[in-house]
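Participant: Structure for the following, please:
(one chain, ligands or ions: 1)
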Amino acid sequence: MFTYTLCFIKRKDEILLLNREKPQWMGAWNGVGGKIEREEEPLKNIIREMKEETGLLFKKEDVHYKGTLSWSDVGNTYYDGLYLFVAELPEQIPYVTPIKTAEGILDWKKIEWILHHENVGVANLSYFLETILSDQEIYEHAFIYEEDQVVQFKKKLLNQSLESV
Ligand SMILES: Nc1nc2c([nH]c(=O)n2[C@H]2C[C@H](O)[C@@H](COP(=O)(O)OP(=O)(O)OP(=O)(O)O)O2)c(=O)[nH]1
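Facilitator: Predicted coordinates for the structure are as follows:
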């Protein structure tokens, strides 16, 4: 069981990103999410975090599980991870941005923009974002970090449903 969740909210060709206000990766864009509370299911957690951070309340059916992301260091002194989701925002829901929140600034960004610009997203965004937005398969994305930078990345098909984590 991992500690965190992370979700990318999608509307047509844009995604809602959070410009992080705190370390690590302060000033970089990421999805929204947070820490899973004891005995909270990952899907429940991400729906709660999205409501808290963006004000948007999603139905379970609009939030899709996209696998996991894990991290450790070269010496394996730490290991943790998160559950990845992509949520579809129905087009009829109006949503005004940017919005300043306690976590940072939220803004809609063109998917093409974030995929094709290096160093605007948190350290590992470019390794997994395209996959989770366009690939129907579910993967485990495993990273080794050194001082918050990716030194190794492995991607493996995941045969585990969210219900069995
Ligand atoms: N892209 C990416 N996101 C990550 C990684 N590690 C990691 O925690 N996150 C995400 C998961 C969460 O959505 C968010 C957690 O960061 P945070 O510093 O705001 O966590 P927090 O303990 O304050 O949690 P909370 O109070 O918001 O519930 O960052 C990573 O390696 N890559």
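Participant: Can you give me the first-to-last residue distance of stretch 129-145?
Facilitator: Start and end residues of stretch 129-145 are separated by 18 Å (C-alpha to C-alpha, to the nearest Å).
Participant: Next secondary structure element downstream of the top helix by length along the chain?
Facilitator: Longest helix in the chain, counting residues (DSSP state H): helix 42-54. On the C-terminal side of helix 42-54, the closest following helix or strand by DSSP states H and E is strand 63-73.
Participant: Next up, the contacts around His64.
Facilitator: Contacts for His64 (C-beta atoms under 8 Å, 6 or more residues apart in numbering) come out as Phe85, Val86, Ala87, Glu88. Quick note: C-beta positions are derived from backbone N, CA and C, even for glycine.
Participant: mind checking how far it is from Lys10?
Facilitator: 10 Å (C-beta to C-beta, to the nearest Å).
Participant: hey, what's in contact with both of those two?
Facilitator: Residues touching both His64 and Lys10 (C-beta under 8 Å, 6+ apart): Val86, Ala87, Glu88.
Participant: Most neighbours among these, which one?
Facilitator: Highest neighbour count within the shared contacts of His64 and Lys10: Ala87, with 23 neighbours (other C-beta atoms under 10 Å).
Participant: All the helices of the chain, residue numbers only.
Facilitator: For the chain, the helices defined by DSSP H occupy 42-54, 111-116, 125-134.
Participant: which bits of the chain sit near the ligand?
Facilitator: Residues of the chain found near the ligand (C-beta under 6 Å from any ligand atom) are Tyr4, Leu6, Asn30, Gly33, Gly34, Lys35, Leu69, Trp71, Leu82, Val122, Asn124, Leu125.
Participant: which other helices and strands contact the helix or strand of the chain with the lowest mean pLDDT?
Facilitator: Using mean pLDDT, DSSP states H and E, strand 99-101 stands out as the lowest-scoring helix or strand of the chain, at a mean of 85. Applying 3 or more C-beta pairs under 8 Å, 6 or more residues apart in numbering; DSSP states H and E, one finds that strand 99-101 contacts helix 42-54, strand 104-110.
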